[in-house]
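Q: need coordinates for the below:
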Amino acid sequence: MKDKVIVFFTRIPTLGKTKTRLEPFLGQRSCVELQTAFIKDIYENIKNMGIDIIVNYSDHGDLEIFYDIFDEDVYFLKQEGKDLGEKMYNGISYSLKDYKKSVLIGSDLPLLGKEDIEMAFNILEDKDIAISPTYDGGYYLIGMKEACKDIFNMKYSTSSVFQETIGRIQAMGKSYGVGNIQLDIDDKNDFLKLYEILKGDKDIPCHNTRKFVYKIMEKCDENEQNPYRQYYTG
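A: All right, here's what the predicted structure looks like:
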């Protein structure tokens, strides 16, 4: 059995199925472009860590899109389950058939770095579960050495997901550690926060995302009639 694996849990960027909460702000095509940029940047940041990667992808869209993004050594696994929790559980459960430690990450995290992944695996050296929160009350990473289905049997997309998950972990008597907090990009306000972060730190390694975000915000600056202008904070 191998030691560890990253489960990259993601949608295939598809019109009308990707970043839908950003559609009123960006439009469908730009949402696809943004999600693609996120996926490319996360993969660029983690692919040279010497850790196997399973891309656990959504059941809609054209998988060939990913063939142009990921290297040949990546394993593709279709998401299975009736809801988000079951899909995540199945992804982790499948990976733990061949690996001792599995860390599942989301794909709305252009600022995610190697240190976030490393911290999770370090936690798993001594704890049963690693979990890393987002600023909106959810979590973007969960790692396990044994798949725990009850942890995922809950309602998602609320501001209490992280705390409820911690409560479930404690109720099961499992040990856990909490990793770095991160910004996941779901809506317009998150997008604008991301812009401010990227503008303030030129060294963040997310070239594709930076290029896209700057393109959008530069349009706001150049054209006062542009629909993005009302959101521009520069």
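
Q: give the next helix or strand downstream of the longest helix along the chain.
A: The longest helix of the chain (DSSP state H) is helix 28-46. Moving toward the C-terminus from helix 28-46, the next helix or strand (DSSP states H and E) is strand 52-57.

Q: does anything pack onto that following strand? Which helices or strands?
A: The contact analysis (3 or more C-beta pairs under 8 Å, 6 or more residues apart in numbering; DSSP states H and E) places strand 52-57 against strand 2-10, strand 75-78, helix 84-95. C-beta here means a position set from N, CA and C on the backbone, and glycine is covered the same way.

Q: which strands border that strand, and is each parallel or antiparallel?
A: Here strand 52-57 has these sheet partners by DSSP bridges: strand 2-10 (parallel), strand 75-78 (parallel).

Q: okay, buried residues for the next helix or strand after that strand please.
A: Going down the chain from strand 52-57, the next helix or strand is helix 64-67, by DSSP H and E. Neighbour counts over helix 64-67 (16 or more other C-beta atoms under 10 Å) mark 65-66 as buried.

Q: what's the angle from the helix or strand bottoming out on mean pLDDT in the chain to helix 28-46?
A: For the chain, counting by mean pLDDT, DSSP states H and E, helix 207-222 ranks last in confidence among helices and strands (a mean of 84). Here the directions of helix 207-222 and helix 28-46 differ by 140 degrees (axes from the mean of the first three to the mean of the last three C-alpha atoms, to 10 degrees).

Q: quick one: contacts for the residue nearest to Lys40 when sequence neighbours are not counted?
A: If the residues on either side of it in the chain are set aside, Lys40 comes closest to Asn208, at 4.6 Å by C-beta to C-beta, 6 or more residues apart in numbering. Shown in contact with Asn208 (C-beta atoms under 8 Å, 6 or more residues apart in numbering): 36-38, 40-41.

Q: likewise for Ile151?
A: Ile151 neighbours (C-beta under 8 Å, 6+ apart): 89, 129, 142, 165, 168-169, 172.

Q: find the centremost residue of this structure, please.
A: By C-alpha atoms, centre = their mean, the chain has its centre lying nearest to Gly106, at 2.2 Å.

Q: contact partners for that one?
A: So Gly106 contacts 9-10, 140-141, 184 (C-beta under 8 Å, 6+ apart).

Q: what's the closest of those to Leu194?
A: Looking at these and their distance to Leu194, the nearest is Asp184, at 9.8 Å (C-beta to C-beta).

Q: can you report how many residues lie near Ser146?
A: No Ser there; residue 146 is Glu. 13 (other C-beta atoms under 10 Å).

Q: next, the buried residues of stretch 24-41.
A: 25-26, 28, 30-41.
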